[in-house]
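1. have a look at this prediction, sequence included:
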Amino acid sequence: MLNNKDLKPLFQHSPATQQALLPNGVEEALDGSITLLDTCNMARDILLTMNEHVQTIQSALRRKGRDHSRLEASIHAYISHRKKAKKEIVKCLAALKRMDGISNISTTTTSSPILDLDHQPSMVVRVVRESSTVTISIFRALLELLAVTATKTKAAGGWSLISKLMPVRLSSSEKGQRIGNLVASVDFALCFLLGNIQSNDIRAEVQMAQRTLETLSLTSEGLVAGLDSMFRCLVQYRVSLLNILTQ
């Protein structure tokens, strides 16, 4: 993942280093940083909005009585948000794929004999591009897990990458499984509840929905905190690149 503290000393190492990055290297990284910032912000917005819908459903579940209209409306709103989010995720994944493709081409060019691997400027360019590639992988893994359906809880394989955004109490695979399974489990629980909402006794369905919603809410809060931290890091990274251009 991009780390401003690690990159800044390399950027300021020497005029030769800066010359190696200018103009194509820095401009490429600057363009990519916009995509990464937009992706980070979009993922955060999706999680925040999803959590708002979760809280609305939780409030409706706590209401007693036979009038389930509020609960039905809140579930439909959540499902609508999930569908809209998936469309946004598809577009964002396409942008990340294009960015990754450009970075791979540039990395191949940088690996030419003209720029020896032991040469400091070449190393800096490689560090910047490899860091960008890792960050892209993290975002792609997170977005794929957020877009997962109840029948594809293991469709995305980036569980160890997502763990970088999560609290440290769980192992990498546990964190990834929790995200993918939770999103799919909530979808299933809510659709099942919606299909049986007119039944005489839906206590079991309500309890299942409440459990999954509560866990998803707590998990999404941890992810938002991780994305906030990453966003600040990306901003610092972009500032460092801009400083190179102005020096």
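-> Thanks, I have it. Note that the structure is predicted; figures quoted are calculated from it, not measured. Numbering: from 1, shown residues only.
2. state the distance from the nearest residue to I197 once chain neighbours are set aside to A77.
-> Spatial nearest neighbour of I197, excluding adjacent residues (CB to CB, 6 or more residues apart in numbering): H68 at 5.0 Å. For every residue, glycine as well, the C-beta is placed using N, CA and C. Between H68 and A77 the distance is 14 Å, computed by CB to CB, to the nearest Å.
3. so those two - more neighbours on which side?
-> Between H68 and A77, counting by other CB atoms under 10 Å, H68 is the more crowded of the two (17 against 14).
4. ramachandran coordinates for that one?
-> Dihedral angles phi and psi of H68 (degrees, to the nearest 10) take the values phi -100, psi 10.
5. which helices and strands does the helix or strand containing Q58 pack with?
-> In this assignment (DSSP states H and E), Q58 forms part of helix 24-62. Here helix 24-62 touches helix 69-110, helix 120-146, helix 203-246, going by 3 or more CB pairs under 8 Å, 6 or more residues apart in numbering; DSSP states H and E.
6. average pLDDT for the last one?
-> Over the span of helix 203-246, the pLDDT mean works out to 89.
7. which helices and strands does it pack with?
-> So helix 203-246, by 3+ CB pairs under 8 Å, 6+ apart, packs with helix 4-11, helix 24-62, helix 120-146, helix 172-195.
8. pLDDT below threshold where in this protein?
-> Filtered on pLDDT under 70, the chain yields the residue ranges 1-24, 64-66, 102-125, 149-181, 247.
9. could you rerun that using 80?
-> For the chain, the stretches flagged by pLDDT under 80 are 1-27, 64-67, 101-129, 148-182, 200, 244-247.
10. and the closest residue to R63 other than its chain neighbours, how far from V127?
-> Closest residue to R63 apart from its sequence neighbours, by CB to CB, 6+ apart: R70 at 6.7 Å. Distance of R70 to V127, given as CB to CB: 53 Å.
11. count the residues that sit near R129.
-> Using other CB under 10 Å: R129 sits among 19 other residues.
12. then T35?
-> So T35, with other CB under 10 Å, has 18 neighbours.
13. ok, it touching L96?
-> Yes. T35 is in contact with L96 according to CB atoms under 8 Å; the separation is 6.9 Å.
14. follow-up on the earlier one: and the residue nearest to I197, how close does it get to L36?
-> According to CB to CB, H68 and L36 sit 43 Å apart.
15. sorry, back to before: from the helices and strands packed on helix 24-62, which stretch is densest packed?
-> Comparing these by mean neighbour count (mean count of other CB atoms under 10 Å), helix 120-146 ranks first with a mean of 20.
16. other SSEs contacting that one?
-> So helix 120-146, by 3+ CB pairs under 8 Å, 6+ apart, packs with helix 4-11, helix 15-21, helix 24-62, helix 69-110, helix 159-162, helix 172-195, helix 203-246.
17. tilt between it and helix 24-62?
-> 20 degrees (axes from the mean of the first three to the mean of the last three CA atoms, to 10 degrees).
18. in this structure the residue nearest to I197 contacts S199, no?
-> No. Using CB under 8 Å, H68 is not in contact with S199; the gap is 10.4 Å.
19. related to what we said a few turns ago, okay, the helices and strands packed on helix 24-62 in CSV with distance to D45 next?
-> As requested, the helices and strands packed on helix 24-62 are arranged in CSV below (distance: least, CB to CB, whole Å):
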stretch, distance to D45
helix 69-110, 9
helix 120-146, 11
helix 203-246, 10
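20. closest one to C40 among those?
-> helix 203-246 (4.8 Å; CB to CB).
21. I figured E144 was touching L93, is that so?
-> Yes. The criterion here is CB under 8 Å, and E144 meets it with L93 at 7.3 Å.
22. burial count for the nearest residue to M208 once chain neighbours are set aside?
-> Spatial nearest neighbour of M208, excluding adjacent residues (CB to CB, 6+ apart): A189 at 5.0 Å. Counted with other CB under 10 Å, the neighbours of A189 add up to 22.
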